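Below is the structure, and that's it, no one-letter string:
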DNA sequence: TAGAAGCAGATTTTT
DNA sequence: TCTGCTTCTA
């Protein structure tokens, strides 16, 4: 019986064996959170005898869900016929809606929109609003309404200024459009599920009783809608176990609110709280710095990480003149580590802003260090991939105007924007899809003969593909690739090669999907895709560069945090946001196992300007003092010698950065103008 | 219709 | 500085 629990410490064991009622596991960074929650799941199933189908474990990312599934199943001695439901909130919503959306009078064949699609809808519906707001701002408003369970009508009623009135009307138009086209956005997956549960007591009871034991990971990131949904799901049993860390709440801008974890016991009756404070990840100096830093925050549940890994190397501060020198210094340090036998994938470079990655990448390139940039442009957001997917959707449903619009002129069919608008207006006016309007001859006086031919030809090709799809999904892929020229370019630039590779990768995913799920089809594939970020990259033998946000949940032996300057990290000066920035820094610090490097520069080039910057308050708050050695280094190589990356001043051209040195001639970048200048005419700054 | 030129905007990000 | 979008022009 104890085999499952054998490797747990006392607090972890208490958490894993706590069965009924509400339980908050307050798990500090590196305290074995995943281990505890997966063990608890295995324990419930194997030792307590709870049927796997009565459990529900919710996470925020697919990655977390996959990791937990693997680890929980590994703990079980006997393989399960029915695996426990372990997925993201959104996937749960998707599954739920497939079964229950008919309660809202909607068909389960809905299409899921991603951010890009959402932007297209907003642009289309509220063109005048774009003068004042970006699509992202409008969508941000809509999303925050949905996550606070505010309907368009309510939003309009409660709008207390023209601004909110406008945004609320956009929200209403957006929602109507989605309903009319049976589309859902990500928020709807949760919001509509919630509405169904509220409106149908019978369904609510049924579902709540089905999932008798519910667990939630990263509870500090839940928002109001998620909490309310959880309350519905727990309404018949109150068996809710959540794991989280108030100090790692970094998604308030997405509606998450630390208060939900702070007030857990007020919300769920008789809640039991267990703290996991023993850290199994980081050496002592790293934890000292992290603890000292986070101690500057208020409103904490209060916990300190206790080291189990013993003493290690001190946190090192790297101070550089500018971002070029910063990148080179870090690259050099990384080379040293690698030459000492450290593996590159155990090294990470973290930044607060993705914009800072550029200089770092350049430095790594110069040093020929292999690196991997995580989270830049997501795979499924790439235009060529989205075009292929739009074709797929269109093949399943010719009346899908939204997808047709996207690819109507890809490859070029001589149907430009003007014609597109006319086609759409005519079709909408007659209450027809473009395809129906075309086949009924309603577009004849709009289209030129060649345009009509091109469109007819497009649908004829789709007919062939459709037929092919019915027979075999794999043959379909081949035919699709042959018939549809997604790139239509003869240039063989690197970009084209990349695009081609992306399309191949998409084909690969689809092939795998069909092979692994022979009973599922293209439509299932499309909905599943929308929920997955496609970023389950195996971190090969390369250094990882990523934003602090995307580093959450990961760990590395060596971590470099760059851009520790006031104005960059912390990024905002508003005192209310400072606490979240500090938590963000705390997350970054606690990623490190062996050694943590903090890096700051005296000046940085950003948004076309060079800015003088002071060192981040977080460095001081973490108890790290400017290191004499690294400060001295930058002073030593002045006088007569210049180094690549040095900032210099020229009487006429002003400030610049040295790009290259050849004998006594310097190649200097003066704010975009590159010139060659003799050494004696410039001064080091 | 399609390429060129001009212009604003530029956190963090999962699903 | 760089990107993505709108407007302009052939």
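Okay, I see it. Here the structure is a predicted model, which is why all the values come from computation and not from measurement.

Any regions of the stretch 551-685 of chain A where pLDDT drops low?
Along the stretch 551-685 of chain A, the parts satisfying pLDDT under 70 run over A:573, A:576, A:626-641, A:651-654, A:663-664, A:671-674, A:680-681.

Would you map the helices across it?
A:575-589, A:617-621, A:628-636 (DSSP state H, counting those that start in this stretch).

helices or strands next to the first one in the packing?
Contacts of helix A:575-589 with other secondary structure elements, assessed using 3 or more CB pairs under 8 Å, 6 or more residues apart in numbering; DSSP states H and E, are made with helix A:284-294, helix A:548-551, strand A:556-561, helix A:617-621. To be clear about C-beta, it is placed using only N, CA and C from the backbone, and glycine gets the same treatment.

Contacts for stretch A:128-144 next, please.
Stretch A:128-144 is contacted from outside by A:115, A:118-119, A:122-123, A:126, A:163, A:166-167, A:170-171, A:174-175, A:185, A:187, A:255, using CB atoms under 8 Å, 6 or more residues apart in numbering.

which among the residues you listed are in contact with DNA strand C?
For DNA strand C, the contacts drawn from these by CB under 7 Å from any atom of the strand are residue A:123.

If we only consider the contacts of stretch A:128-144, which is nearest to DNA strand B?
Distance to DNA strand B across the contacts of stretch A:128-144 (CB to the nearest atom of the strand) is lowest for residue A:115, with 4.7 Å.

what's the pLDDT at the closest residue to DNA strand B within the stretch 351-500 of chain A?
Across the stretch 351-500 of chain A, no residue is closer to DNA strand B than residue A:416, which sits at 2.5 Å (CB to the nearest atom of the strand). Listed pLDDT for residue A:416 reads 82.

Would you enumerate the residues in contact with it?
With contacts defined as CB under 8 Å, 6+ apart, residue A:416 is in contact with residue A:409.

could you show me where the strands are in the stretch 251-400 of chain A, in order?
A:272-276, A:278-279, A:306-307, A:316-320, A:347-351, A:371-373 (DSSP state E, counting those that start in this stretch).

Quick check: which of those is buried the most?
Greatest average neighbour count among the strands of the stretch 251-400 of chain A goes to strand A:347-351 (a mean of 27), per mean count of other CB atoms under 10 Å.

between that strand and strand A:556-561, how many degrees?
Orientation check (axes from the mean of the first three to the mean of the last three CA atoms, to 10 degrees): strand A:347-351 against strand A:556-561 gives 30 degrees.

now strand A:347-351: mean pLDDT?
Mean per-residue pLDDT for strand A:347-351: 95.

Run a quick neighbour tally on the nearest residue to residue A:435 once chain neighbours are set aside.
Spatially, and ignoring its direct neighbours in sequence, residue A:435 is nearest to residue A:398 (4.1 Å; CB to CB, 6 or more residues apart in numbering). By other CB atoms under 10 Å, the residues close to residue A:398 number 19.

surely residue A:398 meets residue A:462?
Yes - using CB atoms under 8 Å, residue A:398 is in contact with residue A:462, at 7.0 Å.

got a list of what residue A:423 touches?
By CB under 8 Å, 6+ apart, the contact set of residue A:423 is A:415, A:434, A:437, A:443, A:446, A:447.

Could you list the buried residues of the helix or strand encompassing it?
If you go by DSSP states H and E, residue A:423 is part of helix A:417-429. In terms of neighbour count (16 or more other CB atoms under 10 Å), helix A:417-429 has its buried residues at A:419, A:423, A:424, A:426, A:427.

Stretch A:83-92 too?
Neighbour-count burial for stretch A:83-92 flags A:84, A:85, A:86, A:87, A:88, A:89, A:90, A:91, A:92 (criterion: 16+ other CB under 10 Å).

Run the chain-centre distance for it.
The chain centroid and the centroid of stretch A:83-92 are separated by 18 Å, computed with CA atoms, centre = their mean, to the nearest Å.

With stretch A:296-304 instead?
Computed by CA atoms, centre = their mean, the chain-centroid distance of stretch A:296-304 equals 27 Å.

buried set for that stretch?
Neighbour counts over stretch A:296-304 (16+ other CB under 10 Å) mark A:297, A:301, A:303 as buried.

what's the answer for stretch A:157-165, then?
Neighbour counts over stretch A:157-165 (16+ other CB under 10 Å) mark residue A:159 as buried.

likewise stretch A:380-393?
Buried, per 16+ other CB under 10 Å, within stretch A:380-393: A:380, A:382, A:384, A:385, A:386, A:387, A:388, A:389, A:390, A:391, A:392, A:393.

That's all I had, so thanks and see you.
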